[in-house]
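**Q** Turn this into a structure:
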Amino acid sequence: MPATDSDAHVQHQWILTHPDQDREDVHIELWTDGYTVRVDGGDDEDSEQGRPAVDTLLAKYRAASYRVAHDYPVNDPEPMDDPKPDPAEPADRPDACPECGSEIEYQAEHAAHGRSGPAWLCLGCRWGEWLSP
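**A** I've put the predicted structure just below:
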């Protein structure tokens with residue numbers, strides 16, 4: 001991807017991670033022209049085929065055990081009908097971290113180690129616990 005100080009040309013970005021820490025993250029960008037797709041960390045897969053190319057790339061990397069860690073509009077004028085996590089915090093918040101006693105925060109869409117979803121996270125030692133649906 002071209003190095004630039006501005007992301008005004010980017011409509012939407014996907015960041016994919018792999019559970020094998022030796023594999024680098026893959027960044028996929030769909031540009032505001034609706035056609036340009038740029039991939040950083042992939043197999044030289046830039047194209048001018050727009051969202052269909054993005055969907056193909058996402059399927060390819062998911063098949064290779066990658067997970068979408070972040071999926072967000074950058075300069076997207078309209079939402080792309082992506083499901084959004086329920087931001088409502090569950091009622092069973094722990095009083096404090098069981099490891100260090102620090103404050104706990106809720107993250108509706110935490111991503112780590114090839115997994116994403118709701119989780120409790122410690123603000124001190126970064127202990128965490130995934131929440132089951």
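**Q** Next up, the contacts around the residue nearest to the spatial centre of the chain.
**A** Closest to where the C-alpha atoms of the chain average out (C-alpha atoms, centre = their mean) is His70, at 1.2 Å. Contact partners of His70, counting by C-beta atoms under 8 Å, 6 or more residues apart in numbering, are 13-15, 111. Bear in mind the C-beta positions are built from the backbone N, C-alpha and C, glycine included.
**Q** Would you map the helices across this structure?
**A** 50-63 (DSSP state H).
**Q** low-confidence ranges in this structure?
**A** 1-6, 76-87, 133 (pLDDT under 70).
**Q** in it, what residue sits furthest out from the centroid?
**A** Distance to centre of the chain, C-alpha atoms, centre = their mean, peaks at Gly101 (28.9 Å).
**Q** measure the residue nearest to the centre of the chain to Gln13 for me?
**A** When distance is defined by C-beta to C-beta, to the nearest Å, His70 is 7 Å away from Gln13.
**Q** Equivalent analysis for Arg62, please.
**A** Going from Arg62 to Gln13 by C-beta to C-beta gives 17 Å.
**Q** Show me which of the two is the more surrounded one.
**A** Gln13 (18 against 12; other C-beta atoms under 10 Å).
**Q** what residues are up against the more buried one?
**A** 27-30, 70-72, 74.
**Q** and if we set it to 7 Å?
**A** The contact partners of Gln13, by C-beta atoms under 7 Å, 6 or more residues apart in numbering, come to 27-29, 72, 74.
**Q** Got a PyMOL select line for the buried ones in the residues you listed?
**A** Of these, the buried ones can be selected in PyMOL as follows, counting by 16 or more other C-beta atoms under 10 Å:
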select buried, resi 27+28+29
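**Q** out of the contacts of Gln13, who's nearest Asp7?
**A** Distance to Asp7 across those (C-beta to C-beta) is lowest for Val74, with 5.4 Å.
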